[in-house]
Structures are given as structure tokens and as C-alpha cells.
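Student: Here's my sequence, what's the structure:
(one chain, ligands or ions: 1)
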Amino acid sequence: MNPRVIEWNDSGGVRYLDQTLLPHEAVHCDADTIDEMIEAIKALRVRGAPLIGIAAAMGLAAAAAKLESQDLTKQWIDDAIARLGAARPTAVNLIWALDRMHEVATELLANGSDAPTVVNALRAAAQKIWDDDVAMCRAIGEAGAELIPQGATVMTHCNAGALATGGIGTALGAIYVAHERGKQVKVVSCETRPLRQGARLTSWELTQAGVPVTAIVDSAAAWVIARGDINLIVTGADRIAANGDVANKIGTYGLAVLARAHEVPFYVAAPRSTFDLALASGDAIPIEERGAEEVGAAPGAKVYNPAFDVTPAEYVTGIVTDRGVLRPPYEKSIAAIF
Ligand code: MRU
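Tutor: Presented below is the predicted three-dimensional model:
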């Protein structure tokens, strides 16, 4: 399944699938400047932790290519990276990708390389970030598929699939590989209020790929799990602390608690670019708050709209990474793959 989520356009800019219009329309838009890429990321036209890192890196390379040679300075790079990095605060993949780009640019600028050399290197570095994500998704998919029994029904939340990454996805990557291997897996996709990524995006991409999917509203999850209909839950992640605490889309923590109450395994799938070993625990993970208009409350009501929550490591059965499935104690198993 290749929905052309992101690509280079003919003029060296970035073309992306506008995910706010799915599932009704698959419209591609171009971002040629830093401001256009920031807008696309903030508005969730481009979304999902690995994909926003890839998009920001490509956007930086594309915008650098359009500058006059004398304008491609360390100051410009520092400023563009700071602005792109501030577009969304929770997914560490954004910072991870931009740090890689920063290293490439500053080293070349420091040794006096000319602008075309820097531009070529930035494009190659962005492409490598994308290629690495494709490989990490595949590895996660293969490790995760082992955890999915024949004929299983798997619950997922939000969208951690091809639409959220450069490859086959993380949580959905495991499902795609299980499907490829003939495991006859079925998916229950939680709606994911308020922006409905589970209902709009996960059900769209699974349907395109021929994987049977049932969409439910978020408030049906407890009942569906309690009925014994779910064999395991797997979600993506936006940032994982050194102790295994996991930030992911709001509602993930509730599913993890339900999974514990009903003895259903709860897995998280993420590449190494999602780990933030500088943070000892999830307490320090910045949680994005989004606008009141997403919730649709009555005018005059206060609205609190956190986009992510943190699931304590103790609720996580295993973390599926591109280096295999990690088990508790996570301090040790996470440190071992870095
Ligand atoms: O706000 P979004 O749609 O960017 O949130 C996405 C998620 O929470 C995903 O589960 C996460 O980024 C992992 S994507 C492989």
C-alpha cells in the first residue's frame, strides 16, 4: 500500500498528502518554504511522529535549495531548524531528524563548503532519514507480527500506519506483516477524538490494504475489551522515556489501564527515533495542547484539549522496536539497544 504520503516534487520542493481531507479526498499539496511546512505540520496535514520528522527534514532541504547562495548561512539554518522544531512539541522524532540535519549543515558550513554542496548534502540527509524510517518500519513489522496469533483481533488507537511514517507504519506495520503472512488478522480501530485519526485514517489505509477493520467510537473501547473480543492492543508512540513511559495520542493511557483490567496484552511499537533517553521518565515529556475549536464545546465553556497522554511503563507488556521486542525492566532493555 503506497498512498504517496510524501515525496519530492519536480521543482525540488515537498509534496505531501493532506491528511485532514481523508478519507473523502486524497489531495496532494506542495510545501516549498519553511513557513509552508510549519503550517502543514501544525495543522496535521502531515502528521504522525516519524512522518513529521521526515517532512521537516525534507522541508528544510527544499527551502535551502531555493535560497540565494549568500543567504544559506549558519544563522539561516539555526533559525529554520528552531522554527520547524517548535511546530509540535511531543513527538521527539521531529527534533531527532532536525538534529541530524543540523549536524550535516553546520559541519559543511564550518569547513567553508559552497551552497550547492550544502544543499545536496541536506537533500541526501533528508532522504536518508526517510530511507532509515522505511527500514525501521519493516523491522518493527516483522518483530511485531510474531506477537499476533493466527486469526487475532487487534485493537489500535489513532494512526500509526503508512500515513504516519515513511514506510509501512509501526503498530500497523506489525498488522500488515501478519496479514502478508496469512494470519487472517482483524483490526478494531478506536475513533480517536477529537481529530478522528482512527476512524478517518486507520480505517482508510487498512481498507485500502485489504485488512478487515471495524471502527468504534472511543467510548466503546471498554465494552468491546470487556466482551473478550480483543486478543491484543498495539499502538504507536510519540516519545518514550528512558524508563519506558510512553507518550502517545490522548486515550492511549485509558486503553492500557483497560488492557490490564481485562488481562489483554498491551504493546507499543516505535522506532529508535522515538526514544528520548535524556528524559528519565514520562513526567518530563511536553504534552501538546490544541485549540478549543477541535472539541466543539458551547461558547463560553472552558476547554482542555491535550493531544497526548503518558502511559506508565508498568502497563506496557512490551515495546516493539526495529531492534526487537523489549520487555521490562525497560531501563535495562532500552539502554541495551542504544
Ligand atoms: O496527532 P497525531 O495524529 O500526529 O498523533 C499521532 C500518534 O499519536 C501516533 O500514534 C504516533 O505519532 C505514532 S505514529 C507511528
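Student: switch to C-alpha atoms for all contacts and neighbour counts from now on
Tutor: Noted.
Student: Quick check: residues of the chain near the ligand?
Tutor: 47-50, 158-161, 164-165, 169-170, 236-238, 248-249 (CA under 6 Å from any ligand atom).
Student: same thing but at 8 Å, please
Tutor: Within the chain, the positions near the ligand by CA under 8 Å from any ligand atom are 44, 46-52, 91, 157-162, 164-165, 169-171, 195, 197, 235-238, 248-250, 269-270, 307-308.
Student: Now the nearest residue to residue 64 once chain neighbours are set aside: phi and psi?
Tutor: Nearest residue to residue 64, sequence neighbours excluded (CA to CA, 6 or more residues apart in numbering): residue 119, at 6.2 Å. Backbone torsions for residue 119, taken as degrees, to the nearest 10, come to phi -60, psi -50.
Student: swap in the one 3 residues further on?
Tutor: Main-chain torsions, residue 122, degrees, to the nearest 10: phi -70, psi -40.
Student: Is it in contact with residue 101, as I believe?
Tutor: Yes. Under the criterion of CA atoms under 8 Å, residue 122 makes contact with residue 101 at 6.5 Å.
Student: who's in contact with residue 178?
Tutor: By CA atoms under 8 Å, 6 or more residues apart in numbering, residue 178 lies in contact with 145-146, 148, 184-185.
Student: let's see it at 6 Å
Tutor: residue 145 (CA atoms under 6 Å, 6 or more residues apart in numbering).
Student: can you tell me the helix or strand for it?
Tutor: helix 171-180 (DSSP states H and E).
Student: Would you pull up how far that helix lies from the middle of the chain?
Tutor: Relative to its chain's centre, helix 171-180 lies at 16 Å (CA atoms, centre = their mean, to the nearest Å).
Student: Would you mark the buried spots in it?
Tutor: 171-179 (16 or more other CA atoms under 10 Å).
Student: what sits up against the helix or strand hosting residue 64?
Tutor: Per DSSP H and E, residue 64 falls inside helix 49-65. Contact with helix 49-65 is made by 12-13, 32-33, 91, 93-94, 97, 119, 122-123, 126, 130, 164-166, 238, as judged by CA under 6 Å, 6+ apart.
Student: give me the number of residues near the closest residue to residue 249 other than its chain neighbours?
Tutor: Spatial nearest neighbour of residue 249, chain neighbours left out: residue 308 (4.3 Å); criterion: CA to CA, 6+ apart. Neighbourhood size, residue 308 [other CA atoms under 10 Å]: 24.
Student: Per-residue pLDDT of residue 308, please?
Tutor: If you check residue 308, the pLDDT there is 98.
Student: I'd like to know how far it sits from residue 187.
Tutor: Applying CA to CA, to the nearest Å, the value for residue 308 to residue 187 is 22 Å.
Student: So which bits of the host helix or strand of residue 256 are buried?
Tutor: For residue 256, the element it lies in under DSSP H and E is helix 252-261. Of the residues in helix 252-261, 252-253, 255-259 count as buried by neighbour count, 16+ other CA under 10 Å.
Student: Now do stretch 247-257: everything it contacts.
Tutor: For stretch 247-257, contacts defined as CA under 6 Å, 6+ apart pick out 237-239, 307-311, 315.
Student: Next, format those residues as TSV and append secondary structure and distance to residue 203.
Tutor: Putting these into TSV (DSSP: H, G, I helix; E, B strand; the rest coil; distance: CA to CA, whole Å) gives the following:
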residue	secondary structure	distance to residue 203
237	coil	19
238	coil	20
239	strand	24
307	coil	20
308	strand	21
309	strand	22
310	strand	24
311	strand	24
315	helix	26
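Student: before we move on, back to that, Serialize the buried residues of helix 252-261 to TSV and add fields for pLDDT.
Tutor: As requested, these are exported to TSV (pLDDT from 0 to 100):
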residue	pLDDT
252	99
253	98
255	98
256	98
257	98
258	98
259	98
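Student: Surely residue 234 forms part of a strand?
Tutor: Yes. Per DSSP: H, G, I helix; E, B strand; the rest coil, residue 234 lies within a strand segment.
Student: For the residue nearest the centre of the chain, give its distance to residue 171.
Tutor: Central residue of the chain (CA atoms, centre = their mean): residue 49, 2.5 Å from the mean position. Residue 49 is 12 Å from residue 171, where distance means CA to CA.
Student: Thanks again, I'm all set now.
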